[in-house]
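Novice: Attaching a predicted model along with its sequence, questions to come.
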Amino acid sequence: MVEDSNDRLLHACSLTVTYGPDDERPVRALKDVNLEIRPAEVVGVMGESGSGKSTLALSLLRMLPPHASCDSGSLTFQGRDLLLLNQPELRKIRGAHMCLVAQDPALALSPVMRVGDQIAEVIRAHSSIGPQERSLLVEELLREVGFQEPREIYPAYPHQLSGGQRQRVTIAQAIACNPSLVVADEPTSELDAGLRAEIIRLMAEIRRKHRTAFLVISHDPTIFAGFADRIAVMYAGRVVEEGKTEDIFRRPLHPYTQALVNLSTSCFGGPAASRARFPALQGESPDLACLPRGCTFEPRCRERMEVCTSRDPQEFIPIPSHRVNCFKYGN
C-alpha cells in the first residue's frame, strides 16, 4: 500500500468499467478497483481468464474500445486524472510516459514496416531529434533488449523474427522514450519456459537501469517470484486481495487466492514450474452480465457462509501491506 500520496506514480480509485451498447445487456468488467503503483515498482496482476485483468490494463492506458465506458472513479497518473484528458493530451502521455507491451507481438507490430522503423516512429512522435540520431538510438535500444547485432535486426520485418525476438522489439518500442510506467499484458504467454525467463530478466534489468515501473499481467504466477514487489488478485472485475508477493504466495488470505496458489505450488520452484497457465478451478467463472448477489466467489467457495449470499464483503487490512475482501476476516 502507498501511504504518502506524493509517492504514487499511478492511482486508480474506485474505477468502474462497463461494456455493452445500449441495446444489449451491459457487462460490468471492472467494479470499484483500487490500485496504486510507486515509481520503479513492479506490480503483478493475476487471476483467471475473464477476471478483468486486460480490461484493467487498457483502462490505465485509456485504450478501451468504443463500446466500453468508465462509469465512475478516478485514474491519476503523475498527478493528472487521465479520465479528464482529451485524446491529444493522452497521445502526449502514451508512448512517452506510459507504454503497453502487448500479449502477441505479431499483432502489435506492423507486418509491412521494418522493425527498426517502427521503433523510430515512437521516438519521432515524442522527440525532435533528427533521423540520424533516431537511427543510432534505435540501434542502442535493440542492443539494450538483447540483440548483439542490432544493424542486422533493424531492417528485418516481423515475420523474419522469432516470437522471442518480436517481443524484444515491442519492449524496445515501449522503452524508447524512457517512460515512467510500462503495462505488460501477458508478455510471456506466447513463449516457452526459457524465453519467458529471458524476458522477465530483461524487464527486471530495465527496471533496475531506468527505474521504470511495471504493471505485469499474467496467468503464470512463476514470473512474479523474484520480480514483482506486490500482487493484486482479480476475480469478477474486482481486486479481492493485494499484498507483497511473498505474502500472497506463502500466506494467501482469500479462498480464491488460496485455490490459485494450491493449484500452482511451483510459484517458488517445483516440477510444474514450466506451466504457463493455472489449472482450472472447480466451478465456473461468473457471468459478468448477471453477477450473483453478495460475494461473487461464493458459489465456488468451500468456506462460504450465509452472509456471503446477501452482501458484498468489505475490505479488511490485517497488516498495512496486505488487504483482502472476505467475510472470514471481518464484516
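Specialist: Here it is on my side, so go on. Everything quoted here is computed from the prediction, not taken from an experiment.

Novice: what about the closest residue to residue 48 other than its chain neighbours, neighbour count?
Specialist: The spatially closest residue to residue 48, leaving aside those adjacent along the chain, is residue 285, at 5.8 Å (Cβ to Cβ, 6 or more residues apart in numbering). Quick note: C-beta positions are derived from backbone N, CA and C, even for glycine. Around residue 285 there are 17 other residues, counting by other Cβ atoms under 10 Å.

Novice: pLDDT of stretch 111-125, averaged?
Specialist: Mean pLDDT, stretch 111-125: 96.

Novice: Quick one: residues in contact with it.
Specialist: The contact list for stretch 111-125, computed with Cβ atoms under 8 Å, 6 or more residues apart in numbering, reads 91, 95, 109-110, 129, 134-135, 137-139, 141-142, 153-159, 161, 166, 169, 172-173, 176-177.

Novice: hmm, try it at 6 Å
Specialist: 95, 134, 138, 154-156, 158, 169, 172-173, 176 (Cβ atoms under 6 Å, 6 or more residues apart in numbering).

Novice: Could you do stretch 227-234 as well?
Specialist: Contacts of stretch 227-234 (Cβ under 6 Å, 6+ apart): 41-47, 51-53, 200, 204, 224, 239-242, 244-245, 248, 257.

Novice: Any of those residues buried? List them.
Specialist: By neighbour count, with 16 or more other Cβ atoms under 10 Å, those hold 41-47, 51-53, 200, 224, 239-242, 244-245, 248, 257 as buried.

Novice: Any regions of the stretch 151-300 of the chain where pLDDT drops low?
Specialist: 264-280 (pLDDT under 70).

Novice: Enumerate the helices of it by residue range, in sequence order.
Specialist: In the stretch 151-300 of the chain, the helices defined using DSSP state H, counting those that start in this stretch lie at 163-174, 193-210, 245-250, 255-262.

Novice: Buried deepest among the ones you listed, which one?
Specialist: Compared across the helices of the stretch 151-300 of the chain, helix 163-174 shows the largest average neighbour count, a mean of 24 (mean count of other Cβ atoms under 10 Å).

Novice: can you tell me how far residue 304 sits from residue 50?
Specialist: Plainly put, residue 304 is 21 Å away from residue 50 if you go by Cβ to Cβ, to the nearest Å.

Novice: Oh, that last question was meant for residue 158, not what I typed.
Specialist: Counting by Cβ to Cβ, the gap from residue 158 to residue 50 is 29 Å.

Novice: now residue 175
Specialist: As judged by Cβ to Cβ, residue 175 and residue 50 stand 30 Å apart.

Novice: Between the two, which is the more surrounded one?
Specialist: Using other Cβ under 10 Å, the more surrounded residue of residue 175 and residue 50 is residue 175, with 22 against 18.

Novice: Neighbours of residue 15, how many?
Specialist: Residue 15 is flanked by 24 other residues according to other Cβ under 10 Å.

Novice: Surely it and residue 73 touch.
Specialist: Yes: if you go by Cβ atoms under 6 Å, residue 15 and residue 73 touch, sitting 3.9 Å apart.

Novice: Including distance to residue 218, could the helices of the stretch 151-300 of the chain go into CSV?
Specialist: Compiled in CSV, the helices of the stretch 151-300 of the chain are given as follows (distance: least, Cβ to Cβ, whole Å):
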stretch, distance to residue 218
helix 163-174, 13
helix 193-210, 9
helix 245-250, 12
helix 255-262, 12
